[in-house]
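In: below are the sequence and a predicted model for it; my questions follow.
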Amino acid sequence: MTTRRGTLPLPLLTVLAIATLLAAGCSANASAGPGDKNTGETITLYSAQHQQTTDALIAAFTEQTGIKVTVRNDGEDVLTAQIEQEGAKSPADVFYTENSPWLAQLDQKHLLAKVDPATLQQVPAADSGASGDWVGVSARVSALIYNTDDLNASALPSSVLDLADPRWKGKLDLAPAETDFWPIVSSVAKTYGQARALAWLKALKDNAGANAATPDNETLLSDVSQGSSQLGIINQYYFYRLRAEIGPSAVHAAVAYFAPHDPGYVLNISGAAVLASSKHQAAAQKLVAFFTSTAGQTILAHSESFEYPIGEHVAANPALTPLAQLQPNAFSVAELGTGEDAKTLLQQAQLI
């Protein structure tokens, strides 16, 4: 089970101020947002995303539309299982995830509604479900995190497969229960086959030893920065969040990317969907549309979740390497699917 993302002492008031200004500007021009104010209606959002960013998005959405949003935060695996169990009786209207497989899983079970075509057009088609039942909201990229006191960049492995080399025994940190790691497993399996992916995972487990069951990415990053391990795999934004929280001088770690197009170099998409069972379809569609609108994407870009907005004409946080300069592999959200292959392999390797 993945852990829910912890809150950080970030300058949320700044983000909320930006959100309020953007919402006010969009309210003055109905064509800039998902619709006119509709006061008195309340919808429910199941959210596995970072709470600060979600709070800022919701505050701006309510300011713009008058629609109130009740948020239930938990891990995306937990919320997916809950939606499946609740079925047609689910109180959720919208589901907002960190990774696309959970949306694909619900889509496969016909639990999602079609996203409005105008909303889908606000982001690249490749970043949303081919069925049109969920839409991409933001992106993140998998990377190496390494301790800068113990390792030089020149000594780092160029491929995710190299982490299975015995030279990293006792130096590697893994958080296999984190669903952020699963797309990498799926990518390796698609590139090299199930048998080689399983052997790779078993070697990673052996190399990580006592650090093969780190509970979450925040702990993994802390372990590497403090020197209790030397390197691990995370999505890039965890590094930037920690640096913003405690200051650059206190972080003894850096981000590095694998060789261009390596199977460990994966672009992951966070997305949102309207539940087919929602009793507030119009309002739910407005919330999803807001996430992908210029206003929503700008709020995301100015938040300290350090994810990449994927809507047109919205630049990412300048602290990040521009997305256009990165060279991840061509592993698409369609190929990633539900992530069940990764779960099975991780279970076979006794990592989860």
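Out: Cool, got the structure.
In: look up the closest residue to Val115, ignoring the ones flanking it.
Out: The spatial neighbour of Val115 that comes closest, neighbours along the chain excluded (CB to CB, 6 or more residues apart in numbering), is Val135 at 4.8 Å. In short, each C-beta sits where N, CA and C put it, glycine included.
In: that should have said Leu144, apologies.
Out: Ala256 is the one closest to Leu144 (CB to CB, 6+ apart), at 4.6 Å.
In: cool, and Ala301?
Out: Pro309 (4.7 Å).
In: Val255 bridge partners, please.
Out: Ile145 (DSSP bridges).
In: how many residues are close by it?
Out: As a burial measure, Val255 scores 19 neighbours (other CB atoms under 10 Å).
In: also Ser158?
Out: 14.
In: quick check: pLDDT value at it.
Out: At Ser158, the pLDDT value in this model is 96.
In: return the distance of it relative to Ala59.
Out: Computed as CB to CB, to the nearest Å, the Ser158 to Ala59 distance reads 43 Å.
In: now Ala253
Out: For Ala253, the distance to Ala59 - CB to CB - is 32 Å.
In: Phe331 now?
Out: 34 Å.
In: quick one, what contacts the residue nearest to Leu144?
Out: Ala143, Leu144, Ile145, Tyr146, Ala153, Leu156 (CB atoms under 8 Å, 6 or more residues apart in numbering).
In: 6 Å - rerun?
Out: Leu144, Ala153, Leu156 (CB atoms under 6 Å, 6 or more residues apart in numbering).
In: count of residues packed around the second one?
Out: Right, the one you point to is Ala153. Ala153: 10 neighbours (other CB under 10 Å).
In: what are the phi and psi angles of it?
Out: Per-residue torsions, Ala153: phi -60, psi -30 (degrees, to the nearest 10).
In: what's the closest non-adjacent residue to it?
Out: Ala256 (5.8 Å).
In: and if you look at the last one?
Out: What sits nearest to Leu156 in space, not counting adjacent residues and going by CB to CB, 6+ apart, is Ala256, at 5.3 Å.
In: Gln281 versus the one you found, what's the distance?
Out: Ala256 is 45 Å from Gln281, by CB to CB.
In: before we move on, what about Leu326?
Out: Leu326 is 37 Å from Gln281, by CB to CB.
In: before we move on, what's the pLDDT of the nearest residue to Thr62 once chain neighbours are set aside?
Out: Nearest non-adjacent residue to Thr62, counting by CB to CB, 6+ apart: Lys68, 5.7 Å away. On the pLDDT scale, Lys68 is placed at 97.
In: how much space between Lys68 and Ala59?
Out: Applying CB to CB to Lys68 and Ala59 gives a distance of 11 Å.
In: please, which helix or strand holds the spatially closest residue to Ala330 that is not a sequence neighbour?
Out: In space, and not counting its chain neighbours, Ala330 is closest to His261: 7.0 Å by CB to CB, 6+ apart. Of the helices and strands defined by DSSP states H and E, none includes His261.
In: returning to what we had before: who has more neighbours out of Ala253 and Ala59?
Out: Ala253 (26 against 19).
In: ok, now which ones touch the spatially most central residue of the chain?
Out: Residue closest to the average C-alpha location in the chain (CA atoms, centre = their mean): Glu98, at 3.1 Å. Taking CB under 6 Å, 6+ apart, we find Glu98 in contact with Ala48, Gln49, Glu76, Ser270.
In: repeat that for 10 Å
Out: For Glu98, the contacting residues are 2, 5, 47-50, 75-76, 138, 140, 178-180, 235, 268-271, 305, 307, by CB atoms under 10 Å, 6 or more residues apart in numbering.
In: can you give me the distance of it to Arg140?
Out: 8 Å.
In: name the residues contacting each of the two.
Out: Asp180, Asn235, Asn268, Ile269, Ser270, Ser305, Glu307.
In: I'd guess the fourth one is in a strand, am I close?
Out: Meaning Ile269. Yes - per DSSP: H, G, I helix; E, B strand; the rest coil, Ile269 lies within a strand segment.
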